[in-house]
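Participant: Got a predicted model here, sequence first, then my questions.
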Amino acid sequence: MDAMTAATEGFQVPIIDISPYIRNGDPADRAVVAAKVDDAASSVGFMQIVGHEIPPAVIEEFTAVMDDFFALPLEVKKAYRTPPDINRGYAPPKSESLSLSLGVEQAGRMNDFFEAFNVGVEAREYPDLALPEDHYAANTWPAVDHFEAAVSAYFVEARRVAHTLTRIFADALDLPADFFEGFTDHSLDVLRMNNYALPPGEIDLDGELTGMGEHTDYGIVTVLWADQVKGLQVLDRQGRWQDISPEDGALLINLGDLMARWTNERWMSTLHRVKPPIVDGAIERRRSAAYFHDGNIDAMIATLPSCVGAGSRYSPITVGEHIGAKLAGSRAGRPNPYAQREAERVRHAMRRGLGQQ
Ligand SMILES: O=C(O)CCC(=O)C(=O)O
Ligand SMILES: [Fe+2]
């Protein structure tokens, strides 16, 4: 067996049909889904779901307007930038460094070449709650035909899928069916559209420049639409980077740090990164859109009593504190001092010489 085969053998991202939950199906069928999710969450931390019932036309229109936006000249896109502490609007290539969200020191500068456009839940959606305007900032919409309508339509669908997933999680963890609702009824959700491309002549990759640096996602769960161009890699339990891409019609799902905290790492917030392939000296363009379901800003996340076991690995933290420290790393270049456990996992993989390209 050659090294490549050995590295990928046995690794797979399970495909789970969640339609018994979407259609409020038979309890026995739902129990099968919950068991599969528990299994995937405990082993890989990534899964792919089908049966989510997002209409294909919604996805087609969404990805078409994403393409229209990213095709604009850089200077035009830059008009939609926001300050680093406002997670909205356009982020140009090399303006962020995801590994700083983990506080990993060697990433001392902004070296991720993805460009992104972020939209999220706005304070005005909950007029009775006086939510902070910085976290729940107003969206900025580019002057691209149909952009706001198509992105909003997808946002609504991804949000529905994220809430469905937390119902599955509650069953999988033997919690009351509505357990997560109290933590997510004004959830701080953000949709990040990612484009991995550099203009011709700008692919002098100096070893540090990467598509998107290694990171764990910050919140509860991420619903990730991605095209099938290679590039996304996840760190497996043996510390090896594994290539993944979604099957036709499937969405990738991965757990964020808050779920690892709640479950005391029974479920993993799996490290992942993006290394787009270079074909004939040019980067093959790749697109993705991550819907981050992060929980209510004021929710306190403490280890679930059923998961404490020999002791909790994490102190309680509010969603606002946790997400704030992560964004200060990725968007403002201030290494996050609170992600010791995740950062240690990256260093461990690198020490073993397994940061294979
Ligand atoms: O581009 C991808 O497939 C992954 C994106 C991602 O990990 C993120 O936006 O957090
Ligand atoms: Fe991610």
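Facilitator: Structure received. Ligands and ions are numbered 1, 2, ... in the order given.
Participant: Helices of the stretch 1-150 of the chain, residue ranges please.
Facilitator: Along the stretch 1-150 of the chain, the stretches classed as helices by DSSP state H, counting those that start in this stretch are 3-8, 19-22, 27-43, 56-70, 74-78, 147-172.
Participant: Turn those into a markdown table, columns for mean pLDDT, distance to ligand 1 and mean neighbour count.
Facilitator: (C-beta placed from N, C-alpha, C; glycine too.) Compiled in a markdown table, the helices of the stretch 1-150 of the chain are given as follows (pLDDT from 0 to 100; distance: least, C-beta to the nearest ligand atom, whole Å; neighbours: other C-beta atoms under 10 Å):
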| stretch | mean pLDDT | distance to ligand 1 | mean neighbour count |
| --- | --- | --- | --- |
| helix 3-8 | 49 | 18 | 11 |
| helix 19-22 | 98 | 23 | 19 |
| helix 27-43 | 97 | 17 | 17 |
| helix 56-70 | 98 | 12 | 17 |
| helix 74-78 | 95 | 18 | 13 |
| helix 147-172 | 98 | 13 | 20 |
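Participant: Which one of those helices lies nearest to residue 182?
Facilitator: Comparing the helices of the stretch 1-150 of the chain against residue 182 with C-beta to C-beta, the closest turns out to be helix 147-172 (10.8 Å).
Participant: what's the next secondary structure element after the closest one?
Facilitator: Downstream of helix 147-172, the first helix or strand assigned by DSSP states H and E is helix 181-184.
Participant: The very next helix or strand once past that following helix to helix 147-172, inter-axis angle?
Facilitator: Using DSSP H and E, the helix or strand that follows helix 181-184 towards the C-terminus is strand 190-196. Strand 190-196 and helix 147-172 meet at an angle of 110 degrees, taking axes from the mean of the first three to the mean of the last three C-alpha atoms, to 10 degrees as the criterion.
Participant: Who are the packing partners of strand 190-196?
Facilitator: Applying 3 or more C-beta pairs under 8 Å, 6 or more residues apart in numbering; DSSP states H and E, one finds that strand 190-196 contacts helix 56-70, strand 115-120, helix 147-172, strand 286-293.
Participant: Who are the packing partners of the longest one?
Facilitator: By that I understand helix 147-172. helix 19-22, helix 27-43, helix 56-70, strand 115-120, helix 181-184, strand 190-196, strand 221-226, strand 286-293.
Participant: Can you check what angle separates it from strand 286-293?
Facilitator: 60 degrees.
Participant: Just want the phi and psi numbers for the closest residue to residue 268 other than its chain neighbours.
Facilitator: For residue 268, ignoring the flanking residues on the chain, the nearest one in space by C-beta to C-beta, 6 or more residues apart in numbering is residue 45 at 3.6 Å. Main-chain dihedrals, residue 45, degrees, to the nearest 10: phi 80, psi 0.
Participant: And for residue 45, the neighbour number?
Facilitator: Neighbour count of residue 45, defined by other C-beta atoms under 10 Å: 27.
Participant: swap in the one 10 residues further on?
Facilitator: Applying the criterion other C-beta under 10 Å, we find 11 residues in the vicinity of residue 55.
Participant: That one: what's it in contact with?
Facilitator: residue 157 (C-beta atoms under 8 Å, 6 or more residues apart in numbering).
Participant: any idea how far it is from residue 129?
Facilitator: 31 Å (C-beta to C-beta, to the nearest Å).
Participant: Check residue 156 too.
Facilitator: For residue 156 relative to residue 129 (C-beta to C-beta), the value is 20 Å.
Participant: likewise residue 78?
Facilitator: 33 Å.
Participant: just residue 310 next, same as before
Facilitator: 38 Å.
Participant: quick one: which of those two has more around it?
Facilitator: Using other C-beta under 10 Å as the criterion, residue 310 and residue 129 rank with residue 129 on top: 14 against 6.
Participant: Just confirm the more buried one contacts residue 188, I think it does.
Facilitator: No: contact criterion C-beta atoms under 8 Å: residue 129 and residue 188 do not qualify, at 11.8 Å.
Participant: Return the residues in contact with the residue nearest to residue 61 when sequence neighbours are not counted.
Facilitator: Leaving aside its sequence neighbours, residue 61 sits nearest to residue 150 (C-beta to C-beta, 6+ apart; 4.2 Å). Residues in contact with residue 150, defined by C-beta under 8 Å, 6+ apart, are 58, 61-62, 64-65.
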